[in-house]
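Novice: Sequence and computational prediction follow.
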Amino acid sequence: MTMADSILIDLDLHPDVQLTRFMQEFAERPVVAPNPDTGRADEPQRIQYAVVWKPEPGMLASLPNLEIIFSLGAGVDAILRDPALPDLPLVRFVDPNLTGHMCNWVVLQVLMHTRRQRGYDALQRKREWKEIHPQPASNELTVGIMGLGELGSACATALLALGFNVCGWSRTQKSVKDVVTYHGDGQLNAFLSKTDILVSLLPHTSATHGILNRDLFEKLSKDGPFGAPVVINGGRGGSQVEADIIACLDERVLHGVSLDVFETEPLPANSRLWTFNNAILTPHMAAVSDPATLASHVRTQIDRYERGEELQHLVDRSRGY
Ligand code: NDP
Ligand code: OXD
């Protein structure tokens, strides 16, 4: 008989709120955090479920009775990096609030560029009353979304509602209403050539590592109203080559960028990315997991598992997402 009865929760995001919320949701069983000195569970044999974000390599392997690993977020790249990751079900976080936050961030960034907000901010600082042109209509622009999963397909729908033309690219063929879809390496160039504003919502895998590079930027449409494309990355920093982004902003290969994720986080203070007026940077906050909905998602999945039902939102380790 196993003695495992506890949930281990990483305290990476909102530490106090998160622990409290999980303790409320799981009042019937112990909820514990890793020991801050060792980074490990004090009673490893008692841990049945673990909820983690960037676990210390080997930490999960030190839990002999672990049955399910839950990701604190939608992305699982930091968990899959653990070379000793136990071969157990890995469930990621899929949540309407998280999806809604990402849609809002993407729409905000698209509008910041298309309505020239950074230019108006600069004029306001100078108390200057002046219009900036062009101000293209939504239907004059095509937004191309890389990654048509939970987040990418919801963002496509939000942008369509604002009148943008939307196309999307994914690994396998997809059908999203009113979105022109492309898939696979063979259709990437066709997708890029149609895209005025590129939005990446790709997971970070060996196939997407460094995909947002100069070679790709040069294949984007130059026919849009700004004469050069805009790149928006809300996925993962490992998919972008920042040296190429900086050079392409310098050379006007890119009109502007919005980045929520970076090769190194926090973004080092000496990065030149900080200095561009048309580079909008946010600190990996586009869609932060909400402790309340995270706790109820984990509750739903544990209840399903304990009733003998299938888990939802399982990660396919061979794909890496
Ligand atoms: P999903 O797994 O639902 O979707 C991923 C999409 O990417 C799928 O359409 C998939 O294609 C596509 N894809 C993956 N690999 C490739 C490839 N090699 N070539 C082409 N397409 C590919 O993930 P979510 O939409 O839920 O999340 C996406 C990512 O967003 C997360 O992995 C995470 O990194 C990031 N994220 C960032 C947040 C932030 O705050 N900045 C918040 C939450 C998530 P297919 O369907 O054909 O397999
Ligand atoms: C996530 C994130 O993957 O916040 O959920 O980056």
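Specialist: Yep, that arrived. Ligands and ions are numbered 1, 2, ... in the order given.
Novice: Just want the residue of the stretch 51-200 of the chain that's nearest ligand 2.
Specialist: For the stretch 51-200 of the chain and ligand 2, the shortest gap (CB to the nearest ligand atom) falls at residue 73, measuring 2.5 Å. All C-beta spots, glycine's among them, are computed from the backbone N, C-alpha and C.
Novice: burial measure for that residue, as a count.
Specialist: The number of residues packed near residue 73 is 21, by other CB atoms under 10 Å.
Novice: same deal with the one 3 residues further on?
Specialist: By the other CB under 10 Å criterion, the neighbourhood of residue 76 contains 25 residues.
Novice: Just give the closest residue to the residue of the stretch 101-250 of the chain found nearest ligand 2, not the sequence neighbours.
Specialist: Going by CB to the nearest ligand atom, ligand 2 is nearest to residue 236 of the stretch 101-250 of the chain, at 7.4 Å. Leaving out its chain neighbours, the residue that sits closest to residue 236 by CB to CB, 6 or more residues apart in numbering is residue 204, at 3.6 Å.
Novice: Wait, a strand at that neighbour?
Specialist: No: per DSSP: H, G, I helix; E, B strand; the rest coil, residue 204 lies outside any strand segment and is coil.
Novice: thinking again about what came up before, quick one: residues contacting the residue of the stretch 51-200 of the chain closest to ligand 2.
Specialist: Neighbouring residues of residue 73 by CB atoms under 8 Å, 6 or more residues apart in numbering: 13, 53, 92, 93, 289.
Novice: what do you get for residue 209?
Specialist: The contact partners of residue 209, taken as CB under 8 Å, 6+ apart, are 238, 239.
Novice: Could you tell me whether it really is in a strand?
Specialist: No: read with three-state DSSP, residue 209 is coil and lies in no strand.
Novice: Helices of the stretch 51-200 of the chain, start to end?
Specialist: Along the stretch 51-200 of the chain, counting by DSSP state H, counting those that start in this stretch, helices occupy 77-80, 96-114, 117-125, 150-161, 188-194.
Novice: Now tabulate those helices in JSON lines and tack on mean neighbour count and mean pLDDT.
Specialist: Conversion of these to JSON lines gives the following (neighbours: other CB atoms under 10 Å; pLDDT from 0 to 100):
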{"stretch": "helix 77-80", "mean neighbour count": "20", "mean pLDDT": "98"}
{"stretch": "helix 96-114", "mean neighbour count": "19", "mean pLDDT": "98"}
{"stretch": "helix 117-125", "mean neighbour count": "13", "mean pLDDT": "98"}
{"stretch": "helix 150-161", "mean neighbour count": "21", "mean pLDDT": "98"}
{"stretch": "helix 188-194", "mean neighbour count": "17", "mean pLDDT": "98"}
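Novice: could those helices be laid out in JSON lines, adding distance to ligand 1?
Specialist: Below are those laid out as JSON lines (distance: least, CB to the nearest ligand atom, whole Å):
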{"stretch": "helix 77-80", "distance to ligand 1": "6"}
{"stretch": "helix 96-114", "distance to ligand 1": "6"}
{"stretch": "helix 117-125", "distance to ligand 1": "20"}
{"stretch": "helix 150-161", "distance to ligand 1": "3"}
{"stretch": "helix 188-194", "distance to ligand 1": "8"}
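Novice: Is ligand 2 within reach of the helix or strand of the chain with the lowest mean pLDDT?
Specialist: Among the helices and strands of the chain, helix 15-25 carries the lowest confidence by mean pLDDT, DSSP states H and E, at a mean of 90. No: using CB under 6 Å from any ligand atom, helix 15-25 stays clear of ligand 2, coming no nearer than 13.4 Å.
Novice: Nearest the geometric middle of the chain, what residue?
Specialist: residue 235 (3.6 Å; CA atoms, centre = their mean).
Novice: That one reaches residue 200, doesn't it?
Specialist: Yes: assessed by CB atoms under 8 Å, residue 235 is found in contact with residue 200 at 4.8 Å.
Novice: any common contacting residues for these two?
Specialist: Shared contacts of residue 235 and residue 200 (CB under 8 Å, 6+ apart): 146, 147.
Novice: Spit out the contact partners of whichever residue of the stretch 51-200 of the chain sits closest to ligand 1.
Specialist: Using CB to the nearest ligand atom, the single residue of the stretch 51-200 of the chain nearest to ligand 1 is residue 149, 1.7 Å away. Contact analysis of residue 149 by CB under 8 Å, 6+ apart lists 170, 201, 203, 321.
Novice: which of these are close to ligand 1?
Specialist: 170, 201, 203, 321.
Novice: contacting residues for residue 177?
Specialist: Contacts of residue 177 by CB under 8 Å, 6+ apart are 157, 160.
Novice: Please tell me how far it sits from residue 161.
Specialist: Applying CB to CB, to the nearest Å, the value for residue 177 to residue 161 is 11 Å.
Novice: again, but for residue 306
Specialist: Here the criterion is CB to CB. By it, residue 306 lies 40 Å from residue 161.
Novice: swap in residue 294?
Specialist: Noted for residue 294: a distance of 28 Å to residue 161, by CB to CB.
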